[in-house]
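Trainee: coords please:
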Amino acid sequence: MIGTRLFPGGSGPWLIAALFFGLTLIGLIVPMIVGVLWSLVNPRAGWFPPNLVPPSLSLDNWRAMFSVPEMGEAAVASFTIAPLVTALCAALALPTGFALGRRAVPFRRAIEFLVLAPIIMPGIVIATGLGSMFIRFGLAHTVLGVILVQTVVVLPFMIRIVTATFEAVPQDLIDAARNLGAGPLSLAWRVLIPLVVPGLFAGGVFTFIGSMEEFVLTFIVGSPHVRTLPVLLFAYLGGRSQIFTYAAVVTIVLLVPTIALLFTAERALKQEYLAAGLGKM
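Mentor: Residues are numbered from 1 along each chain as shown. Next up, the predicted model:
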């Protein structure tokens with residue numbers, strides 16, 4: 001009734017869809033196109049106003065970036081750290097999610113607030129505090145230190161999703177397994193974990209992407225010995241001499257696996273499983 005009054009003639013859904021498409025076009029598609037064009041700019045011709053597109057395209061920027069050792073080292077570091085962070089978060093989130101999702105835990109609200117605290121606090125505050133601690137324990141400027149400090153920040157996403165997935169598990173299935181003689185280990189391995197895998201996979205996607213894109217913590221704790229793709233990207237955009245062409249190449253290298261992972265997750269997970277993993281059921 002309200003929608004009919006606001007949008008006579010049933011044009012409301014079309015206007016909302018057009019608005020959403022326009023925002024997506026402005027916020028996502030256009031920047032991606034500009035980034036691709038910047039990565040293909042011919043260094044000899046450049047790209048200057050009022051030209052809307054580069055006057056000449058070339059793969060010289062890609063060749064130049066992949067010829068320097070920093071690019072390969074940053075890519076290896078990113079694609080090594082992100083899976084390890086994801087695996088560590090999964091190992092920590094499983095028991096935590098089970099306790100919060102299936103048990104009557106005292107002070108549950110306080111625990112959930114503490115779990116989400118790393119997301120609420122500014123990253124620079126966490127990085128400064130943990131950085132000083134890691135220096136004392138000899139973990140600063142190491143891959144292990146970067147893995148641990150990234151885990152602190154991305155772990156809440158994994159715990160929240162796994163907890164919601166445990167909450168969505170029907171109690172009847174658990175009772176039936178116990179009535180059939182399943183012990184604690186058998187119940188966990190054959191019933192609970194298979195039912196939680198979709199949520200665990202959904203949480204792993206967000207954890208992996210969060211680790212791949214993490215900059216502040218990695219820069220403060222890992223620099224100068226540990227350099228990931230976001231740190232390398234900042235080196236080209238944050239310095240005095242901003243090299244947009246090289247930054248565009250690093251951005252695409254960082255973006256392509258993220259998009260591919262999201263498409264893989266969308267195809268691998270059924271809609272109801274993904275909704276359960278995100279806490280919507």
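
Trainee: just the strands in the stretch 51-200 of the chain please.
Mentor: Assigned strands in the stretch 51-200 of the chain: none (criterion: DSSP state E, counting those that start in this stretch).

Trainee: need the pLDDT of residue 5.
Mentor: Per-residue pLDDT puts residue 5 at 53.

Trainee: now swap in residue 148 and tell me
Mentor: pLDDT recorded at residue 148 is 92.

Trainee: and it, what does it touch?
Mentor: 134, 139 (CB atoms under 8 Å, 6 or more residues apart in numbering). For every residue, glycine as well, the C-beta is placed using N, CA and C.

Trainee: residue ranges of the helices in the stretch 101-250 of the chain, please?
Mentor: Using DSSP state H, counting those that start in this stretch, the helices found in the stretch 101-250 of the chain span residues 108-120, 123-137, 143-168, 171-179, 184-187, 193-213, 216-222, 229-237, 244-268.

Trainee: got the buried residues for the fourth one?
Mentor: To tie it back to what came earlier, the one meant is helix 171-179. Across helix 171-179, burial judged by 16 or more other CB atoms under 10 Å covers 174, 177.

Trainee: contacts for it?
Mentor: By CB under 8 Å, 6+ apart, helix 171-179 touches 186, 187, 190, 191, 192, 195.

Trainee: ok now stretch 228-238, how far from the chain's centre?
Mentor: Distance of stretch 228-238 from the chain centroid (CA atoms, centre = their mean, to the nearest Å) equals 17 Å.

Trainee: quick check: buried residues in that stretch?
Mentor: Of all the residues in stretch 228-238, those buried under the rule 16+ other CB under 10 Å are 228, 229, 230, 231, 232, 233, 234, 235, 236.

Trainee: what's the average pLDDT for it?
Mentor: pLDDT averaged over stretch 228-238 gives 82.

Trainee: what do you get for stretch 152-172?
Mentor: Rounded mean pLDDT across stretch 152-172 is 85.

Trainee: can you give me the buried ones in that stretch?
Mentor: So for stretch 152-172, counting by 16+ other CB under 10 Å, buried means 152-166, 168-169.

Trainee: mind saving the C-alpha coords of it as PDB?
Mentor: Extracted in PDB, the C-alpha atoms of stretch 152-172 (Å, rounded to 0.1, in the frame of the first residue of the first chain):
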ATOM      1  CA  VAL A 152      43.200 -11.200  15.800                       C
ATOM      2  CA  VAL A 153      41.300  -8.900  13.400                       C
ATOM      3  CA  VAL A 154      39.600 -11.400  11.000                       C
ATOM      4  CA  LEU A 155      38.800 -14.100  13.600                       C
ATOM      5  CA  PRO A 156      35.600 -12.400  14.700                       C
ATOM      6  CA  PHE A 157      34.100 -12.800  11.300                       C
ATOM      7  CA  MET A 158      34.800 -16.500  11.300                       C
ATOM      8  CA  ILE A 159      33.500 -16.900  14.900                       C
ATOM      9  CA  ARG A 160      30.300 -15.000  14.200                       C
ATOM     10  CA  ILE A 161      29.400 -17.000  11.000                       C
ATOM     11  CA  VAL A 162      30.300 -20.400  12.600                       C
ATOM     12  CA  THR A 163      28.300 -19.500  15.700                       C
ATOM     13  CA  ALA A 164      25.300 -18.700  13.600                       C
ATOM     14  CA  THR A 165      25.700 -22.000  11.700                       C
ATOM     15  CA  PHE A 166      25.900 -24.000  14.900                       C
ATOM     16  CA  GLU A 167      22.700 -22.300  16.100                       C
ATOM     17  CA  ALA A 168      20.900 -23.300  12.900                       C
ATOM     18  CA  VAL A 169      21.700 -27.000  13.400                       C
ATOM     19  CA  PRO A 170      18.400 -28.800  14.400                       C
ATOM     20  CA  GLN A 171      18.500 -30.200  17.900                       C
ATOM     21  CA  ASP A 172      16.500 -33.200  16.600                       C
END
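
Trainee: rewinding a little: mind putting the buried residues of stretch 228-238 into CSV with distance to residue 140?
Mentor: Below are the buried residues of stretch 228-238 laid out as CSV (distance: CB to CB, whole Å):
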residue, distance to residue 140
228, 15
229, 20
230, 18
231, 15
232, 19
233, 22
234, 19
235, 19
236, 24
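
Trainee: and which of the residues you listed is nearest residue 251?
Mentor: residue 233 (6.3 Å; CB to CB).
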